[in-house]
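> sharing a model that was predicted from the sequence below.
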Amino acid sequence: QVQLVESGGGLVQAGGSLRLSCAASGRTFSSSAMGWFRLAPGKEREFVGYISSSGGVTNYADSVKGRFTISRDNAKNTVYLQMNSLKSEDTAVYYCGRRSSYSGSYLVPANYDYWGQGTQVTVSS
């Protein structure tokens, strides 16, 4: 069983920064690729970024590329999402997920088997 707990969300002005954390339980974290997704009102869950199990590979949605950075600390069982230059359109609930296998696209939520409860990010303009 894997549990994921996000934290670090909040209210920030446009142009500001936040760092989200996703703490994982379980012994398989260091061998698990992880992803961040977000859900805004009236929209579908949207891919934000991905990080491989070692942290050596990262990928980002075009909408956040150059502003957001994913990292991980396997010794702490934690993955991070550093968000800079925030915009009002970044307002959403942010979720971390564990990728269930490498056979499907990391862009698709269905290929993640565990999710956290989400953390709200609100960017005021």
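That came in fine, so what should we check first?

> in the sheet, who's paired with the closest residue to Gly10 other than its chain neighbours?
Leaving aside its sequence neighbours, Gly10 sits nearest to Leu18 (C-beta to C-beta, 6 or more residues apart in numbering; 6.4 Å). (Each C-beta comes from the backbone N, C-alpha and C, glycine too.) On the basis of DSSP bridges, Leu18 is bridged to Met83.

> tell me the spacing between Leu18 and Leu11.
Leu18 sits 9 Å away from Leu11, taking C-beta to C-beta, to the nearest Å as the criterion.

> check Ala92 too.
13 Å.

> can you list contacts of stretch 118-125?
Here stretch 118-125 makes contact (C-beta atoms under 8 Å, 6 or more residues apart in numbering) with 6-14, 16, 18, 20, 38-39, 83, 86-95.

> among the residues you listed, which are in helices?
Among these, none falls in helices (DSSP state H).

> report pLDDT for Thr28.
Per-residue pLDDT puts Thr28 at 86.

> that older thread, okay, Leu18 and Leu11: which has more neighbours?
Leu18 (20 against 12; other C-beta atoms under 10 Å).

> mind checking how far that one is from Tyr94?
Leu18 sits 9 Å away from Tyr94, going by C-beta to C-beta.

> phi first, then psi, for Ser31.
The phi and psi torsions at Ser31 (degrees, to the nearest 10) take the values phi -100, psi 10.

> got the contact list for Ala40?
46, 91-93.

> ok, 6 Å please
Ala92 (C-beta atoms under 6 Å, 6 or more residues apart in numbering).

> what's the answer for Ser53, then?
By C-beta under 6 Å, 6+ apart, Ser53 lies in contact with 31-33.

> what's the lowest-pLDDT member of those?
Least confident of the contacts of Ser53 in the model: Ser31, at 90.

> quick check: phi and psi at the residue nearest to it when sequence neighbours are not counted.
Closest residue to Ser31 apart from its sequence neighbours, by C-beta to C-beta, 6+ apart: Ser53 at 5.2 Å. Phi and psi for Ser53, reported as degrees, to the nearest 10, are phi -60, psi -40.
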